[in-house]
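Novice: One predicted model, sequence on top.
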Amino acid sequence: MRTRREMEDIEPYSWEKSSREIAQEFDLPVDKIIRFDLNTSPDIPQELLEKAIQSIPRLKIHEYPDTSYRKLSSLLAEYCEVNIDQITVTNGADEALDIISKVFLDSESNVVVSDPTYSMFRIVSKIMGAKVKGVLRNEDLTDNFDRIKDAVDEGSRVVFLCSPNNPTGTCISRTDLLKFLQSTDCAVVVDEAYYEFSGETLIDLINEYENLIVVRTFSKAFSLAGARVGYMCTSKKTADFLNKVRPPNSLTVFSLELARLALDNIELMKSNVSALEIAKEKMKKNLEKIGLYVYPSKANFLLVDFGTRPPSLIQSMLMEKGIVVRDISSMPMLQRCLRITVLREEQNQQLVQTLAEILAS
């Protein structure tokens, strides 16, 4: 079987084991598995689901959705304070990244990423045959724009950034980004999947810089990871290019309805974010009390440094007890770290207590 040459060099996204697989492996009840590795909300949005269920009889499930996604785009335009023709709705943020790669990249081009960061930036780029140039962050894990600027050359088509960054929880310096935007004409993509937790956005710059593309999702703060809804905000000119590649019907009518209801109930999301922020600060203090270094985070997760203790071993010992965290120690600059999602108070306490017992042993 003949595949594209680029497929030989692609390292696939590291799939998480399902809760059922973990339960079977360690002989645990599946309902006892706690996922601190997914960066999703700990709570099912029951209120939204109940409203969505009530709307099912009128959903035209026998037809394709409106290919323009105009109803949702209109609500997103209001939420983001942009024009409707600056919105591109996608099947999650990952489809947005895939669309961007198809518009800008080929085997003659390269992309620049600020390492360590979200692994899908690399994957979508390599699928298109582009070379990936990783640029290390500053010691405090913020973006080093001097290095980024030096890495950009004639072959560069995209610079991928993330704010707050996954897995470091750091945000982009607005001042540094402005200077960079003024110095380059390649596409600058800012993944704002965790925007609602930080409150810091760069969307207001898309009218001034047509090469700026902001990517967002309903998966995190809106508690709709399973619905798979994302979107991009950019200039109209750039949005027109993106829409040439966007699949016409990659979202379901039910997912679109859930996203619409979420935007009609913004206070529900804000309440969720506020509760998680309180839980995060308490969790951070408790982790520090047991001797761990926790990096400042503007997202719904914490980056934890385990010092001389092997993170992979800690992760395995936690998993044996049904607690699943993300091992990111293979990433540059993070060899001593695990990433831990903030969940409900009782779950966070269980994690800290279990970690304390592991570290003591």
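Specialist: Thanks, I have it. Quantities reported herein were computed from a predicted structural model and do not represent experimental measurements. Residues are numbered from 1 along each chain as shown.

Novice: From here on, just use CA atoms for contacts and neighbour counts.
Specialist: Will do.

Novice: neighbours of residue 282, just the number please.
Specialist: A count of neighbours around residue 282, defined by other Cα atoms under 10 Å, yields 16.

Novice: Give me the phi and psi angles of it.
Specialist: phi -70, psi -40 (degrees, to the nearest 10).

Novice: tell me the contacts of it?
Specialist: Shown in contact with residue 282 (Cα atoms under 8 Å, 6 or more residues apart in numbering): no residues.

Novice: hmm, try it at 10 Å
Specialist: 276, 288, 342, 345, 348, 349 (Cα atoms under 10 Å, 6 or more residues apart in numbering).

Novice: Counting only helices, which of the residues you listed make the cut?
Specialist: 276, 288, 345, 348, 349 (DSSP state H).

Novice: Model confidence score at the last one, please.
Specialist: Reading off the confidence values, residue 349 has pLDDT 98.

Novice: my guess is it contacts residue 286, does it?
Specialist: Yes: here residue 349 reaches residue 286: they are 8.3 Å apart, a contact under Cα atoms under 10 Å.

Novice: Remind me which helix or strand residue 102 belongs to.
Specialist: Residue 102 is located in helix 92-104, with elements delineated by DSSP states H and E.

Novice: returning to that earlier point: is it possible to mark the buried ones in the ones in helices among the contacts of residue 282?
Specialist: Buried residues within these, counting neighbours by 16 or more other Cα atoms under 10 Å: 276, 345, 348, 349.

Novice: Got phi/psi on residue 156?
Specialist: Torsion angles, degrees, to the nearest 10, at residue 156: phi -70, psi 130.

Novice: should've said residue 182
Specialist: phi -70, psi -10.

Novice: Identify the residues contacting residue 37.
Specialist: Applying Cα under 10 Å, 6+ apart, the residues near residue 37 are 16, 301, 323, 324, 325, 326, 327, 338, 339, 340, 341, 342.

Novice: could the contacts of residue 282 be laid out in JSON lines, adding distance to residue 123?
Specialist: Formatted as JSON lines, these follow (distance: Cα to Cα, whole Å):
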{"residue": "276", "distance to residue 123": "30"}
{"residue": "288", "distance to residue 123": "35"}
{"residue": "342", "distance to residue 123": "27"}
{"residue": "345", "distance to residue 123": "35"}
{"residue": "348", "distance to residue 123": "32"}
{"residue": "349", "distance to residue 123": "35"}
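
Novice: And the residue nearest the centre of the chain, how far from residue 85?
Specialist: With distances taken as Cα atoms, centre = their mean, the residue of the chain nearest its centroid is residue 193 (4.4 Å). According to Cα to Cα, to the nearest Å, residue 193 and residue 85 sit 21 Å apart.

Novice: for the chain, what spans make up the helices?
Specialist: Secondary structure of the chain (DSSP H): helices located at 19-25, 46-55, 70-80, 92-104, 120-127, 145-151, 174-181, 195-198, 236-245, 253-264, 266-289, 311-319, 345-360.

Novice: of the ones you listed, which approaches residue 38 most closely?
Specialist: helix 19-25 (11.5 Å; Cα to Cα).

Novice: and the closest one, what does it pack onto?
Specialist: helix 311-319, strand 323-324 (3 or more Cα pairs under 10 Å, 6 or more residues apart in numbering; DSSP states H and E).

Novice: Could you check that helix and say which residues are buried?
Specialist: Buried, per 16+ other Cα under 10 Å, within helix 19-25: 19, 22, 23.

Novice: what's the closest of these to residue 96?
Specialist: Within the buried residues of helix 19-25, the smallest distance to residue 96 is 27.3 Å, found for residue 19 (Cα to Cα).

Novice: what residues are up against residue 17?
Specialist: 23, 324.

Novice: Over to residue 232?
Specialist: 76, 86-90, 93, 96-97, 100, 189-192, 203, 213-217, 239, 242.

Novice: Equivalent analysis for residue 292, please.
Specialist: 284, 285, 286, 304, 305, 306, 307, 355, 356, 359.

Novice: Tell me the confidence at the residue lying closest to residue 342 once chain neighbours are set aside?
Specialist: Leaving aside its sequence neighbours, residue 342 sits nearest to residue 301 (Cα to Cα, 6 or more residues apart in numbering; 5.2 Å). In this model, residue 301 is scored at 98, pLDDT.
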